[in-house]
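Q: here you go, sequence then predicted model.
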Amino acid sequence: MTSDRGRTALERLRKIKPFIQGSLSITQKKCGNPHCRCSQEGPLHEVALLTWKEENRTRTLYVSMELRQEVEKWVQEGKLLKRLVAEVSQAQREFLTSKKKRRKSNKS
Ligand SMILES: [Zn+2]
């Protein structure tokens, strides 16, 4: 029970790929190895930093540069999923509103 708008969003939802909630930024970090160059003069290692909210706390997770592009895809998919959830909800609200109108017009 949905509208064309809802059906379109649901079809895209069925094709959803692995996703993750959060955002990704690039930062620099020491690797923790005391014998590595980064512990003395540098340069530091480039890593991606995934941040997300969990129970009102900002959590972070380091992501290696090899995985950065892959994780970026998950982040994009996560944003798309959020949009699609909002889209289907809106479509269902419109569906309910249109039913109400139709019932009213039938009475009169
Ligand atoms: Zn290092």
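A: Looks like it arrived, so ask away. In this text the structure is predicted, and so the values were computed from the model without any measurement. Numbering: from 1, shown residues only.
Q: tell me the buried residues in the longest strand seen in the chain?
A: The strand that spans the most residues within the chain, counting by DSSP state E, is strand 45-54. Burial within strand 45-54, assessed by neighbour count using 16 or more other CB atoms under 10 Å, is assigned to 45, 47, 48, 49, 50. In short, each C-beta sits where N, CA and C put it, glycine included.
Q: following it, which helix or strand comes up?
A: Going down the chain from strand 45-54, the next helix or strand is strand 57-63, by DSSP states H and E.
Q: enumerate the residues of the chain near the ion.
A: With CB under 5 Å from the ion as the criterion, the chain meets the ion at residues 31, 36, 38.
Q: so which of those residues would you say is closest to residue 79?
A: residue 31 (30.3 Å; CB to CB).
Q: what distance do you get for the closest one to residue 60?
A: 16 Å (CB to CB, to the nearest Å).
Q: residue 94 - that's part of a helix, no?
A: Yes - assessed by DSSP: H, G, I helix; E, B strand; the rest coil, residue 94 belongs to a helix.
Q: can you pull the contacts of it?
A: 3, 5 (CB atoms under 8 Å, 6 or more residues apart in numbering).
Q: likewise for residue 36?
A: residue 30.
Q: over to it: give its phi and psi.
A: Main-chain dihedrals, residue 36, degrees, to the nearest 10: phi -80, psi 150.
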